[in-house]
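Trainee: Okay, here's the prediction I keep looking at, along with the sequence it came from:
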Amino acid sequence: MNTQDRYRQLLDELREHNHRYHVLGSPTIDDNEYDLLYRELVEIEEAHPDLVDMASLTRRIGAAPDDAFAPVQHRERMFSLDNAMSLDELAAWYERSTSSLERAPNGFSCELKIDGLAVSLTYIDGRLAQGATRGDGSIGENITSNVRTIKSIPLTLRGDVPDLVEVRGEIYLPVSEFEALNQRQAEEGEKPYINPRNTAAGSVRQKDPSATADRNLAVWIYQLGAVEGGPLLGTHTAQMEWLGDLGFRINPANATVATYDEVVAYIEDATTHRHDRDYETDGIVIKLDAIGDQQQVGFTARSPRWAIAFKLPPEERTTLLRSIEINVGRTGAVTPYAVMEPVFVGGVTVTNATLHNEGEVHRKDVRPGDTVVVRRAGDVIPEVVGPVLERRPPGLAPWAMPAVCPFCGNPIVLPEGQAKAKCTGGYTCKSRLREYLFHFGSRGAMDIEGLGYRTVDTLVDLGLIDDPADIYDLEVADLRRMEGWGEISARNLVAAIERSKTRPLGKLIFGLGIDHVGGTVASQIAAHFRTLPAALDADEDAITAINGVGPEIAGSLIAWASDPENRDLVDRLAAHGVSMKDPGNGRDVEPKTLAGVSIVITGTLDGFSRDEAKAAVVDHGGKVVGSVSSRTDVVVAGQNAGSKRAKAESLGVPVVDEDAFSLMLVEGFERGVGA
Ligand code: IVH
């Protein structure tokens, strides 16, 4: 077989396996076999670029013309649906919509209403030509590059393909993917996403398709739009079967029924099994199945009369609020949370739910002993909605934040202007220490595998660790003192601790648990200052020179750095060999010609971008500050330098040009001599 034939054969085979896996959910080969075929395809494509089919599986990212988010006119308007909020409203819809039919409708299609975002997909000659959002129903936005990354959206259709077909469906983020994403967010110290739907919508609006691809979105197709050169089909069900044959992902939970009573039974069943699925549903869609019936009953201005969405309410349950407890986090922030009689709501059993802060507890007026309403809507994070006042026992006292911390006995205070109370015990507070140490070893920080909460607790109880630097003193013999710890697990933990010494600087800074310094900000600080001492010596101007870093973060970093205990901790970490440097571009320049020199850079330089100039200063041991003061050693002024140059001149701070700056990097700078 020649290469071209083998290439076509591989493409066909891989498309078939892709379809079985992502569309039908019933693969016939395992991942290894798939990978082998895929690799062979990639090898042929690399060796013979002329053979590459632009609808190849390897072209999910980067092959569509890039007119992302440009307006596109829908061939047929994308209507939305009217809602029925109760069975009475559903019955009223049934009466209204069928009154113009001479006989009972010819069947109903019952479908789950997927809580995601609507998409229109157009295929020309069997190839995906365009993906668009719904927009206002007439005009949507082009999201072709992004939808191409969704593996359950076929790039090519199967079988006897029409000249043109346009289908509609719902893009969604599987609940399992959403939960994994939030797990990663938490590990990296980032805020959790609110719910799968918003996250899916945000994902298809990414400028970079590979960011969309990372999210593992999926699709269910539920409607046929424009067709040219396809068969004439008499029912919605037949249309969906045809679309399934073309390779589209059609929800197997759809059902075609004959009578209204069966519609109601479908709704009951779907409600019961609402949370058995890996996607969120916010209702059930009922459609008249016969296209002839649909044409007779027609449309209103905004929605079809032949379909209705039976809305499911966000799930709520009541349960007993046993108590309100507090947790002291790694920064000392005190968070009250509800401890409840376990209750099954929205597909999970809930016992605890955060109450955020004392103000929130009072706003909601929930008191220990209350019966409370717990909701888990589209949101995966359960929420205490409020008390059922009719069921409040007489004399129930409101909750108050304890005046002293139950973990350390130190006062709890509410800092001026803040919502969150703080424990004043520092790291003598056991709760805070435990969270801090756990955080230090977590994946988003120093990534010390094996340093979970239980291990941290035991090590603290045994008096073996008191702060992060102590972790680096641990030896196999120490760890073996813990119950159930053998030689192998002890060695593994020691090895993980050793490996953590070379973590990137941003991870270390994040691990230090500085207020307001999350994972992203920590990495920015590392990239900007390049060494931990440089970051800790920086003043507010220098810190706020980082894009997106404001005075609150700067103040917090400066306060942390000015605490001698923290400085001592950093020194001890350094003495243990924990890396204090950002590897940057791999340049670690010697000699440090600019050691201790404080430099302001202003205007445009020819030979350096602003970031390169800053990096060059830091590489040579100098410090870049944001604004000119009498403590500035020298100002480097490029073209169009403005007020900073003037200020330097008025303060008598030397100003040098780009050439002198280049020379300075090599020869150094002498105070008082100028350049
Ligand atoms: S049919 C003309 N079926 O709900 C009827 N819509 O407000 C077109 N949706 O915009 C919609 N699951 O985004 C239909 N099985 C389903 C659906 C569904 C979710 C969404 C769709 C639509 C909105 C209606």
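Mentor: Structure's in. What do you need?
Trainee: Which strands or helices does the helix or strand of the chain with the lowest mean pLDDT pack on?
Mentor: The helix or strand of the chain with the poorest confidence is helix 610-619; it has a mean of 79 (mean pLDDT, DSSP states H and E). Applying 3 or more CB pairs under 8 Å, 6 or more residues apart in numbering; DSSP states H and E, one finds that helix 610-619 makes contact with strand 598-602, strand 623-624, helix 658-667. (Glycine included, C-beta is placed from N, CA and C.)
Trainee: Which SSE is immediately downstream of the shortest one?
Mentor: It stands for strand 623-624. Counting by DSSP states H and E, the next helix or strand C-terminal to strand 623-624 is strand 634-637.
Trainee: Can you tell me the SS state at whichever residue of the chain sits closest to the ligand?
Mentor: For the chain and the ligand, the shortest gap (CB to the nearest ligand atom) falls at Ala118, measuring 3.2 Å. Assigned by DSSP: H, G, I helix; E, B strand; the rest coil, the conformation of Ala118 is strand.
Trainee: still on that earlier bit, please identify the buried residues of the least confident helix or strand of the chain?
Mentor: The neighbour-count check on helix 610-619 (16 or more other CB atoms under 10 Å) flags 613-619 as buried.
Trainee: do the same with stretch 71-80
Mentor: Buried positions in stretch 71-80, judged by neighbour count with 16+ other CB under 10 Å: 72, 74, 78-79.
Trainee: swap in stretch 469-477?
Mentor: Residues 469-472, 474, 476 are the ones in stretch 469-477 that count as buried (16+ other CB under 10 Å).
Trainee: How about stretch 272-279?
Mentor: Under the neighbour-count criterion of 16+ other CB under 10 Å, stretch 272-279 has 274-275, 277, 279 buried.
Trainee: How about the backbone phi and psi for Arg491?
Mentor: Backbone geometry at Arg491, expressed as degrees, to the nearest 10, gives phi -60, psi -40.
Trainee: Tell me, how many residues neighbour it?
Mentor: 13 (other CB atoms under 10 Å).
Trainee: And the one 5 residues further on, by the same measure?
Mentor: Ala496: 16 surrounding residues under other CB under 10 Å.
Trainee: so is it in a helix, a strand, or just coil?
Mentor: Three-state call for Ala496 (three-state DSSP): helix.
Trainee: before we move on, what about Glu341?
Mentor: Here Glu341 is strand, with the state taken from three-state DSSP.
Trainee: What sits closest to it if chain neighbours are left out?
Mentor: Leu320 (4.2 Å; CB to CB, 6 or more residues apart in numbering).
Trainee: wait, what's in contact with that neighbour?
Mentor: Listed by CB atoms under 8 Å, 6 or more residues apart in numbering, the contact partners of Leu320 are 340-341, 369-372.
Trainee: For the stretch 1-150 of the chain, what lies in contact range of the ligand?
Mentor: 79-81, 111, 113-114, 118, 134 (CB under 6 Å from any ligand atom).
Trainee: hmm, back to that, Throw together a PyMOL command that grabs the buried residues out of the contacts of Leu320.
Mentor: Of these, the buried ones go into a single PyMOL selection, burial set by 16+ other CB under 10 Å:
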select buried, resi 340+369+370+371+372
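Trainee: Let me have the contacts of Leu320 in a markdown table, extended by pLDDT and distance to Gly229.
Mentor: Shown next, in a markdown table, are the contacts of Leu320 (pLDDT from 0 to 100; distance: CB to CB, whole Å):
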| residue | pLDDT | distance to Gly229 |
| --- | --- | --- |
| Met340 | 95 | 59 |
| Glu341 | 89 | 61 |
| Gly369 | 97 | 69 |
| Asp370 | 96 | 64 |
| Thr371 | 95 | 62 |
| Val372 | 95 | 59 |
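Trainee: Now narrow the contacts of Leu320 to whatever sits close to the ligand.
Mentor: Near the ligand, by the rule CB under 6 Å from any ligand atom, you find none of the contacts of Leu320.
Trainee: Including mean pLDDT, could the helices and strands packed on helix 610-619 go into CSV?
Mentor: CSV is the format used below for the helices and strands packed on helix 610-619 (pLDDT from 0 to 100):
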stretch, mean pLDDT
strand 598-602, 92
strand 623-624, 88
helix 658-667, 81
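Trainee: Could you dump these into a markdown table and include mean neighbour count and distance to the ligand?
Mentor: Listed next are the helices and strands packed on helix 610-619 as a markdown table, based on neighbours: other CB atoms under 10 Å; distance: least, CB to the nearest ligand atom, whole Å:
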| stretch | mean neighbour count | distance to the ligand |
| --- | --- | --- |
| strand 598-602 | 23 | 51 |
| strand 623-624 | 23 | 50 |
| helix 658-667 | 16 | 56 |
